[in-house]
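sequence-free structure coming up:
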């Protein structure tokens, strides 16, 4: 057993470290030690040790006594994978320097090292070839899956199904841990309101209540429901990011400045982060942006006052990539030493790829510019997570090659991805019941640059997936053999290479495929067109000033419409798009996002009616990009309506105020009738739950699921409250003709708000309560809180 072996070593030589010391033993004692552990060098299999009887904090104390200042700072240093781990050691350049740091125990974590062979090799260096043998955290971006790719997080949010979202995160954790990874840089819980920002695809949309529920589901999916489950071999440490305000970058421009009031910070931005903290998330990542003039990485108000102070977070904070060094570019830090000092003092515990903590902190401590207590606090937090993961009991817990072989891409995981994908699809329009398609006797044309694409549906964060591994819409629809299905691309979407780090180049001249596409459409009963965004068109560093169909897609759509108006437009995209022409002219529109590995199967099953769409939009879709940022939970202006029949009211002169499709919107192949909401009474005492119920009836001919949404408005408060705020939802499934009564109970947690100082409270007064199928289509009742 590891712990027994270490105790034996301590009694033999009190100066030996408490962690793994294979390289310090003679061959004779090594063989004796291994025989006690029932492990041979040839086998090198993960051990199954008994747990230490000491508490985590006691074990940290024990280890602290043996750590030098340099080794402590090393735990705060994270490097990206920098050499082929199973090959020769690097002998020159930056890689050689990093390798030397690894051998000295000056690296606490690595990212983007994946696969059992790679992880075992690098972990072996840390555990068996350094003085203290402290195991590494191995990080990776599991934004929407590992090898089996789930829908992008914004699409998952459209399901409003917390069980499915949790299962998707569990699937990702199962695959990643089988490949040696023990820490994910997810979930992204940034609240977003501006579709111009590419990273809206990573989050849960525009609402803090929905976002908080999803943050909880994803954290528990990655880590388990309790902290004790973190040491299981199929769970890993999660990371709530980006703390904080990153979703509010000005003009939707990546890495831009954020300047918001504290009322917005406390009521909109922070609630999903606090929900993640309450769910037990073990790490936070700070953000790239300035927040009210101070870089988030150097912001002690966020990291020390709120996160580690008010919320009592006892995990650790990792910086985003090189964000400590970037504080110099922000004009906040004068040089690299100042940047390291300011980041640590503000509460950033681990340096991701700035290389500044390892270079500067020891000297800064000796010069008295950094207090050693902040280093000790950061290292204790990092070691705490390593102990909780069980890495000190078995550093090779996640290095089982047989498990990796049977887990990655398994049939069970593909089934999970398919279920999530189907629940994520949103039906935006369905005039004349064009959908679902008939299963036989129809001539169907499938047209568009994304229709047969097997890579784009994987979305942006697909680093561990196989290229061309998604099921395309073309493949999915071919499984329905009763119709005549004909495919034509029409026009390619992009030209040249499409990689994670390169700008995409869009086709604006090659119309050579138009003629064939038009001919195919002319001979069809129904045309299915698959258009939208390339999978790498949304995500980090993919901001847009236009949100329309890029390239020749709009021209192709109109050319097909000119010869056949019976069009089903299937959208594959990572953000809300502006589609005024399609919204007016195309009879059926399906928002299918980037759905991942099982994309084509999910879309085909929905198009043919084997699954009734139930998704609801987590973000408003603007009519024009000039409306951005647009969101349902806005404030009323002093002139909200045209009361005097003149121009002096809050409006656009060239567009409606309302979105094309509002938050919470989504149709079904069936119809639902809402009864009038009924309150238990008209007046409630402070602290008394407000109870309301409503009857929902399936009035159509298909079984279907509906998300019943509850919103409130506090009409008068010491700070103005939004016109609507989501405070409850339930997803129900009804057979044709079935009625169900849905009940909600609102407590202080739903009725209150934060003031500008961050103080939460509930005030008496008049409240409106709205229940409906989306934020715009609701029925209102009022109550008094006294």
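Cool, got the structure. Remember, predicted model here, so these are calculated numbers, not experimental data.

Could you pull out the strands in the stretch 501-650 of the chain for me?
Using DSSP state E, counting those that start in this stretch, the strands of the stretch 501-650 of the chain run over 505-506, 526-532, 567-572, 588-591.

Out of the ones you listed, flag the one nearest residue 445.
strand 526-532 (4.6 Å; C-beta to C-beta). Quick note: C-beta positions are derived from backbone N, CA and C, even for glycine.

contact partners of that closest one?
By C-beta atoms under 8 Å, 6 or more residues apart in numbering, the residues outside strand 526-532 that reach it are 434, 437, 442-451, 473, 477, 521, 549, 553, 556-557, 560, 564, 566-573, 577, 607.

Please pick the buried ones from those.
Taking 16 or more other C-beta atoms under 10 Å as the criterion, what is buried in the contacts of strand 526-532 is 437, 444-451, 473, 477, 521, 549, 553, 556-557, 560, 564, 566-573, 577, 607.

I'd like the list of those residues that fall within helices, please.
Among the buried ones among the contacts of strand 526-532, DSSP state H puts 473, 477, 521, 553, 556, 557, 560, 607 in helices.

hang on, the second one packs against residue 446?
Yes - with contact taken as C-beta atoms under 8 Å, residue 477 and residue 446 are classed as touching, separated by 6.3 Å.

list residues touching both of those two?
Common contact partners of residue 477 and residue 446 (C-beta under 8 Å, 6+ apart): 485, 528.

And stretch 724-734, how far out from the chain middle?
Computed by C-alpha atoms, centre = their mean, to the nearest Å, the chain-centroid distance of stretch 724-734 equals 21 Å.

same check, this time on stretch 544-554
With C-alpha atoms, centre = their mean as the basis, stretch 544-554 stands 25 Å off its chain's centre.

cool, stretch 286-301 as well?
21 Å.

What lies in contact with the strand or helix carrying residue 122?
According to DSSP states H and E, residue 122 maps onto helix 116-128. Residues outside helix 116-128 that contact it (C-beta under 8 Å, 6+ apart): 19-20, 22-23, 81, 85-86, 102-103, 105, 107, 110, 113, 133-136, 138, 178-181, 395-396, 398-401, 404.

The spatially closest residue to residue 365 that is not a sequence neighbour and residue 313, how far apart?
Closest residue to residue 365 apart from its sequence neighbours, by C-beta to C-beta, 6 or more residues apart in numbering: residue 372 at 5.5 Å. Distance, residue 372 to residue 313, using C-beta to C-beta, to the nearest Å: 21 Å.

neighbour count winner among these two?
Each of residue 372 and residue 313 has its neighbours counted (other C-beta atoms under 10 Å); residue 313 has more, 23 against 13.

How far off centre is the helix or strand residue 403 falls within?
Here residue 403, judged by DSSP H and E, is contained in helix 401-407. Taking C-alpha atoms, centre = their mean, one finds the center of helix 401-407 at 26 Å from the center of the full chain.

ok, now stretch 73-87?
Relative to the chain's own centre, stretch 73-87 is displaced by 25 Å; criterion: C-alpha atoms, centre = their mean.

Show me which residues of that stretch are buried.
73, 74, 75, 76, 77, 78, 79, 81, 82, 83, 85.

residues contacting residue 727?
Residue 727 neighbours (C-beta under 8 Å, 6+ apart): 209, 710, 711, 712, 746, 750, 751.
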